[in-house]
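Novice: from the sequence below, what's the structure:
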Amino acid sequence: MALRRTRSSRTLALAVALAIALVAACARSFACPSPQATRSSARGLALGVQSRGPSPTVGATARGAGSVEVKDDLERFISPTQRRFGHKPIAFVRAFLLLLTLYGLSIVIVPFIFLILPFVKRYDPLHRKLVDRCLMVWSKMITWPFFKVRVKGRENLLPEGQAVVYVANHQSFMDILSSFHLSRPFKWVSKASILKIPLVGSAMKAARTITIQREDKRSQLAAFRECVEALKQGTSIFVFPEGTRSPTGSLIEFKKGPFAMAKKAGVPIVPITILGTNRIMPSKKEYFLFQSSPGVEIIVHPPVSAEVIKELPDAELLAMVRGAIESALPKSLHSQVIAPEV
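Specialist: Below you'll find the predicted structure:
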C-alpha cells in the first residue's frame with residue numbers, strides 16, 4: 001500500500017513538472033515578433049518625444065548614494081494605443097498559459113510553504129524570510145517563460161538586515177510578480193481581497209502580508225500600526241503609494257501613509273520605478289498578456305536616509321520621492337497627475 005502511494009506521489013510530481021514545462025514551451029512559441037526599430041522611432045516622433053538621457057537622482061538627500069543612468073529610449077515601454085490584428089487572441093492564450101503556470105507551480109510551492117511553516121514560526125516568527133524566499137522563486141518561475149525582468153541600480157539596495165520602505169509606481173498586476181526580482185525579503189501592503197484568491201491568498205497569508213480595507217478607517221489605522229511595528233522589528237515593507245493601478249502609466253496622486261510610516265519607524269525609503277508591465281498586461285485587462293521585447297525594467301533609485309526623512313516636511317518628502325520615481329518614466333508620462341479611479 002505504501003509502495004503504491006509512493007509511486008502515485010512520484011507520478012503526480014512528474015505530471016506537474018511536465019505540465020509546467022509544456023506550458024513554458026507553449027508560452028515561448030506564442031511569442032509575437034517584436035516591432036521594428038523604425039516603427040518604434042516613428043511612434044516616438046509622433047508623440048514628440050526624444051530618447052532620455054541620464055535620470056535625475058536623489059543626490060543630495062541620499063548622502064552619497066550612486067545615481068541610476070537610463071540611456072535607452074524609454075518610450076518603448078509605453079503600451080501602444082492600437083495592436084496589430086491577431087495580437088489579442090494570442091495575448092489571451094498567453095494569459096491563460098500564465099494562469100496555468102501560476103496554479104501549476106502553486107500545487108508544488110504552496111504545500112511546501114505550509115510544510116515548513118511550523119519550523120518558520122518557531123525560529124523566525126517575525127520575519128518569515130524562508131517563506132519570502134519561496135515566493136521569490138515562485139514568482140521568478142512564473143514570469144520566466146513569458147517576459148524578462150531586468151533590475152538597474154541594484155547597488156542602491158540596502159543590506160537585508162536593514163529595514164526599509166520600498167515605494168514604487170503601480171501600472172499592472174505584473175508589478176507584483178516583477179518586484180520579487182529585487183531578491184530582497186519584504187512584506188506587502190495589499191488590499192484584503194487578495195487573501196481570497198485560491199492558493200495565492202494562502203501563500204500571502206503565510207508570508208504575513210499586511211492587508212487593508214480601502215474604505216475602512218479602522219483597517220487603515222491598524223495596517224499603519226502593523227507596518228510601523230514590522231519596520232521597527234527589522235522587516236522591510238513594499239508599498240504602492242498610488243493605492244491602485246494607473247490606467248495610463250502616469251503617476252496617480254500619492255497617499256501619505258508610506259512616508260509617515262517611514263518617518264515614525266526611523267527607516268530609509270527606497271524609490272523604485274517599474275517600466276513595461278502596463279505594456280505586457282494593461283490595467284483592468286488581466287485577460288491579456290502581450291509579448292513585449294523590452295520586457296520589464298525595475299530601476300532602484302538611491303535611498304533617502306532616515307536622517308533626511310526626519311528633517312524634511314511631509315509634503316517635500318513626498319514630492320522628492322515622487323520626483324525620483326517619475327524621473328525614470330518616459331517623458332510623455334511626466335507631470336500628468338491624475339485622480340485614482342473609483
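
Novice: so residue 297: helix, strand or coil?
Specialist: strand (DSSP: H, G, I helix; E, B strand; the rest coil).

Novice: what's the nearest residue to it if we skip its chain neighbours?
Specialist: Using C-beta to C-beta, 6 or more residues apart in numbering and skipping residues adjacent in sequence, the residue nearest residue 297 is residue 275, 4.3 Å away. C-beta coordinates here come from the backbone N, C-alpha and C atoms, glycine included.

Novice: check residue 181 too.
Specialist: Residue 181's closest residue in space is residue 149 (C-beta to C-beta, 6+ apart), at 4.4 Å.

Novice: need the contact list for the one you found.
Specialist: The contact partners of residue 149, by C-beta atoms under 8 Å, 6 or more residues apart in numbering, come to 143, 178, 181, 295-298.

Novice: give me that answer again for 10 Å
Specialist: 139-140, 143, 174, 177-182, 274, 276-277, 295-298 (C-beta atoms under 10 Å, 6 or more residues apart in numbering).

Novice: sorry, back to before: just checking, the residue nearest to residue 297 touches residue 151?
Specialist: No: the criterion here is C-beta atoms under 10 Å, and residue 275 misses it with residue 151 at 11.3 Å.

Novice: more neighbours: which of these two?
Specialist: Taking other C-beta atoms under 10 Å, residue 275 and residue 151 do not tie; residue 275 has more neighbours (27 against 17).

Novice: which phi and psi does the more buried one have?
Specialist: Phi and psi for residue 275, reported as degrees, to the nearest 10, are phi -120, psi 140.

Novice: equivalent analysis for the one 5 residues further on, please.
Specialist: Phi and psi for residue 280, reported as degrees, to the nearest 10, are phi -80, psi -50.

Novice: OK, contacts around it?
Specialist: 77, 79, 91, 94-95, 98, 143, 146-147, 171-174, 178, 288-292, 294-296.

Novice: what about 6 Å?
Specialist: By C-beta atoms under 6 Å, 6 or more residues apart in numbering, residue 280 lies in contact with 147, 174, 290, 292.

Novice: which of these scores worst on pLDDT?
Specialist: Of all the contacts of residue 280, residue 292 carries the smallest pLDDT score, 84.

Novice: wait, that one sits on residue 281?
Specialist: No: with contact defined as C-beta atoms under 6 Å, residue 292 and residue 281 do not form a contacting pair (9.7 Å).

Novice: who's more crowded, the two?
Specialist: Set residue 292 next to residue 281 and count neighbours by other C-beta under 10 Å: residue 281 wins out with 28 against 24.

Novice: residue contacts, that one?
Specialist: Neighbours of residue 281 in contact, by C-beta under 6 Å, 6+ apart: 172-174, 289.

Novice: measure residue 181 to residue 242 for me?
Specialist: Separation of residue 181 from residue 242 (C-beta to C-beta, to the nearest Å) stands at 20 Å.

Novice: quick one, which of these two is more surrounded?
Specialist: residue 242 (21 against 18).

Novice: helices and strands of the protein: which one has the lowest mean pLDDT?
Specialist: helix 37-47 (a mean of 34; mean pLDDT, DSSP states H and E).

Novice: where do the strands sit along the chain?
Specialist: In the chain, the segments counted as strands under DSSP state E are 149-152, 165-168, 187-191, 210-212, 237-239, 269-275, 296-300.

Novice: and residue 309, how far from residue 282?
Specialist: For residue 309 relative to residue 282 (C-beta to C-beta), the value is 34 Å.

Novice: can you check residue 303 too?
Specialist: 31 Å.

Novice: now the helices for the chain?
Specialist: For the chain, the helices defined by DSSP state H occupy 2-29, 37-47, 59-62, 87-123, 129-143, 174-179, 200-206, 217-232, 257-265, 277-280, 306-311, 314-327.

Novice: just give me the lowest mean pLDDT stretch among those.
Specialist: Among those, helix 37-47 scores lowest, with a mean of 34.

Novice: so where's the stretch 151-300 of the chain uncertain?
Specialist: Within the stretch 151-300 of the chain, no stretch has pLDDT under 70.

Novice: go through stretch 148-167 and flag the buried ones.
Specialist: 149, 151-153, 156-157, 163-167 (16 or more other C-beta atoms under 10 Å).

Novice: distance to residue 203 added to those residues, as TSV?
Specialist: Formatted as TSV, the buried residues of stretch 148-167 follow (distance: C-beta to C-beta, whole Å):
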residue	distance to residue 203
149	20
151	23
152	28
153	28
156	28
157	24
163	22
164	23
165	23
166	19
167	24
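
Novice: these two touch, right, residue 276 and residue 296?
Specialist: Yes: the criterion here is C-beta under 6 Å, and residue 276 meets it with residue 296 at 4.4 Å.

Novice: returning to what we had before: need the residues touching each of residue 275 and residue 151.
Specialist: Common neighbours of residue 275 and residue 151 (C-beta under 6 Å, 6+ apart) do not exist.

Novice: surely residue 126 meets residue 233?
Specialist: Yes: between residue 126 and residue 233 there is a contact under C-beta under 6 Å: 5.2 Å.
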